[in-house]
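Q: I would like to see how this sequence folds:
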Amino acid sequence: MKKIMSIRKLLLPVLLVFVLLVSGCGKDTAAKNTAAEADKTITFVAQNYKLYEDTTKILAEEVQKLGYKLEYKFVADNTQINEAVERGEAFANYHQHIAFLTEFNQVHNTHLYPAFEVFTDRAGLFSKKYKSIDQLPDGATISIPVDPGNNFRTLVMLADAGLIKLKEGVEPAKVTIKDIVDNSHHFKFTEVDYTMLSRAIEDADAGFLYATVAAELDLDFNRDALLKESKKHQSPDVITVLEKNKDSEKTKILKKAYQTDRMKQAFKDAYQGREILLPAW
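A: Purely as a prediction, here's the structure:
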C-alpha cells in the first residue's frame, strides 16, 4: 500500500505538468484561431441609406466567397463614418464621392484614400413645378447643398448654361455663392443639408438632386432634369480606406468582391430595373 502511495506521489507532478502543457497548447491554438479569424475579417461601415445597405449585404456575400468575412454596420453621420476609418475602428467605409472625400481630408487633416470607384450618381437641377429650364422664372428660389463637397455643383451647372456668371480663376470645386458676379435672373439660393434636399425641392422652384434621390421622388434623370452636370464635374462614389492600406490584401478582396456582375444587377434592382447608377467597371 505504501509503495502504491509512493508511486502516486511520483506520478502526480508528472500528470500536473502534462495537464498544464495540454491546457497551454489549447490556449495557444485558440489564440492562433482568433488571430487568423481577425486577419480574415474586414470591418466595414456604410451609410444607413437603402442603396448602401442593400449593396453592402450583397458585398458581404461576395466577400465570403473569397474566404473573408465582412463585418459591417450602418451609420447616419458622414463625419462619424470617416472618423471610424481614420481611428482604425473600421477598415473601410462606403458613403461618399471623391470630391467630398478630398474636402474632408483637407478640413479634418485625415488620411483617407479612395481605394476604388464603385459608381457615379449623376447630379442635376430638378423641379416639381417646371418642365424645362426656360420656364424657370426670374427670382426663382433654388435649393442647393450646404456642404462644400456638393455646394458648387448647381452653381457650375447654371454657369455652364449661361444663367449666371462666376468669378474667373476659381477652381470649380471651390466655387460658392460668393463667387457669383452676375445673377441677372435674380435667383435666390437656399443652402440646406444634403439629407433635406428632397424635402426642400417641394417648396423651392428648383433644386439640386442626385439621380438616385430624384428617382425616389418619381423624377427621372434623363427625362426630368432641367440641367445636368457635365461629365468633367461628376464625382464617382468610392470605397474608402486609410492611405497606408490602399494596397493591402483586404482592399484587393473588397474590390474583387464589389466589382462583379451581381453588383451591377443590384444597382438595377434597387431602382426597378432602371439604370440610375453608372457602374465604375
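Q: can you tell me which residues contact the residue lying closest to Val175 once chain neighbours are set aside?
A: Sequence neighbours aside, Phe152 is the residue nearest to Val175 in space, at 4.1 Å (criterion: CB to CB, 6 or more residues apart in numbering). For glycine as for every other residue, the C-beta is placed from the backbone atoms N, C-alpha and C. For Phe152, the contact set (CB atoms under 8 Å, 6 or more residues apart in numbering) comprises Pro172, Ala173, Lys174, Val175, Thr176.
Q: Gly124 now?
A: Contacts of Gly124 by CB under 8 Å, 6+ apart are Met157, Phe208, Leu209, Ala211, Ala214, Phe221, Ala225, Leu226, Leu227, Lys228, Glu229.
Q: and if you look at His95?
A: Ala46, Gln47, Tyr49, Tyr52, Asn78, Ile81, Asp237.
Q: before we move on, back to that, list the ones among the contacts of Gly124 that fall in strands.
A: Counting by DSSP state E, the contacts of Gly124 place Phe208, Leu209, Leu227, Lys228 in strands.
Q: The stretch 151-281 of the chain: helices as residue ranges?
A: 197-203, 211-216, 221-224, 249-258, 261-269 (DSSP state H, counting those that start in this stretch).
Q: out of those, deepest packed?
A: helix 211-216 (a mean of 21; mean count of other CB atoms under 10 Å).
Q: average pLDDT across it?
A: What helix 211-216 shows for mean pLDDT is 94.
Q: Over to stretch 184-194?
A: 96.
Q: ranges for the strands of the stretch 101-250 of the chain?
A: 112-120, 123-126, 141-145, 165-166, 180-182, 188-192, 206-210, 227-228, 237-242 (DSSP state E, counting those that start in this stretch).
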